[in-house]
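Engineer: Sequence first, then the predicted structure, then my questions.
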Amino acid sequence: MEKNKASLIHRWGAAWSLPAEDRFMTVFHKHLTASRQQMTEQLQEAPLDQFFAHLFAELEVPDAPERVEQAVAYVSGLLHETTVVLPGAVEFLSFLKTRGIKLGLISNTQMPARFRNPTIKKQGLLSYFDVIVLSSEVSWRKPRAEIFLEALRQLQVEPGECLHFGDNIRADVEGAKQVGILAVQVLASRHAPPPEGELILRDWRTALAFFQRLM
């Protein structure tokens with residue numbers, strides 16, 4: 001979020017009658033700090049459209065609803081440009097799908113579904129998932145149990161029937177374990193997380209090779 005503020009000011013400052021940059025930055029940082037605390041300390045979602053709505057309301061930006069939509073679309077586009085699909089991920093999903101395995105996606109994202117799902121589709125992943133549960137839609141973020149339980153409910157499966165794949169120790173590994181789901185930690189990530197999962201795989205290609213042998 002923070003890295004996008006300068007481009008937002010430059011792109012729309014005059015057109016939207018934004019206040020002087022120092023006032024914008026002061027209000028921006030106030031709302032950004034509150035948003036981060038809500039997400040990291042309370043594990044509650046702070047959707048991006050709500051963030052901009054509160055920001056623009058305090059700044060008295062004209063035509064705020066329209067501006068909110070434009071701002072969220074802009075940040076969503078920036079996110080799409082920097083998001084990459086790790087090698088082997090699509091092949092692994094395709095393999096599981098051909099075996100009739102139910103697939104769900106749980107994502108911590110401030111993006112509303114109307115923006116996030118098209119991005120997932122552009123990445124070639126949308127068609128593989130039977131269920132997509134976004135923190136922006138259910139109010140809770142991983143590792144809160146509620147977001148995992150919602151995915152289980154929509155998939156109509158029990159925790160003991162599932163595997164959860166992820167890289168983040170707190171969000172993915174601890175989150176899955178607390179509701180009784182086996183946590184599979186895939187280490188191929190920019191975070192380079194230490195191994196803590198119940199099952200640990202080096203990357204998605206390794207995951208594919210492993211499950212091909214099992215199935």
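Structural biologist: Yes, it's here.

Engineer: C-alpha only now, for contacts and for neighbours.
Structural biologist: Fine.

Engineer: got the contact list for the strand or helix carrying Leu149?
Structural biologist: If you go by DSSP states H and E, Leu149 is part of helix 145-155. Outside of helix 145-155, the residues within contact range by Cα atoms under 8 Å, 6 or more residues apart in numbering are 102, 104-106, 130-133, 135, 138, 140-142, 158-159, 175-176, 178-179.

Engineer: Repeat that for stretch 80-96.
Structural biologist: 119, 123-125, 128, 188, 203-205, 207-208.

Engineer: Where helices are concerned, which of those residues count?
Structural biologist: If you go by DSSP state H, the contacts of stretch 80-96 have 119, 204-205, 207-208 in helices.

Engineer: Let's test this: mean pLDDT of the helix holding Leu149, rounded?
Structural biologist: Regarding helix 145-155, the rounded mean pLDDT is 98.

Engineer: Quick check, Gly166 in contact with Ala176.
Structural biologist: No: at 9.4 Å, Gly166 and Ala176 do not qualify as touching, with contact defined as Cα atoms under 8 Å.

Engineer: more neighbours, those two?
Structural biologist: Ala176 (29 against 20; other Cα atoms under 10 Å).

Engineer: May I have the predicted confidence score for Leu18?
Structural biologist: 64.

Engineer: so Leu182 touches His164, yeah?
Structural biologist: Yes: when contacts are counted by Cα under 8 Å, Leu182 is listed as touching His164 (6.2 Å).

Engineer: Please, where are all the strands along this structure?
Structural biologist: 104-107, 131-134, 163-166, 182-186, 199-201 (DSSP state E).

Engineer: if you compare the ones you listed, which one is most tucked away?
Structural biologist: strand 182-186 (a mean of 23; mean count of other Cα atoms under 10 Å).

Engineer: Going by contacts, tell me the helices and strands next to it.
Structural biologist: With contacts taken as 3 or more Cα pairs under 8 Å, 6 or more residues apart in numbering; DSSP states H and E, strand 182-186 sits against strand 163-166, helix 175-178, strand 199-201.
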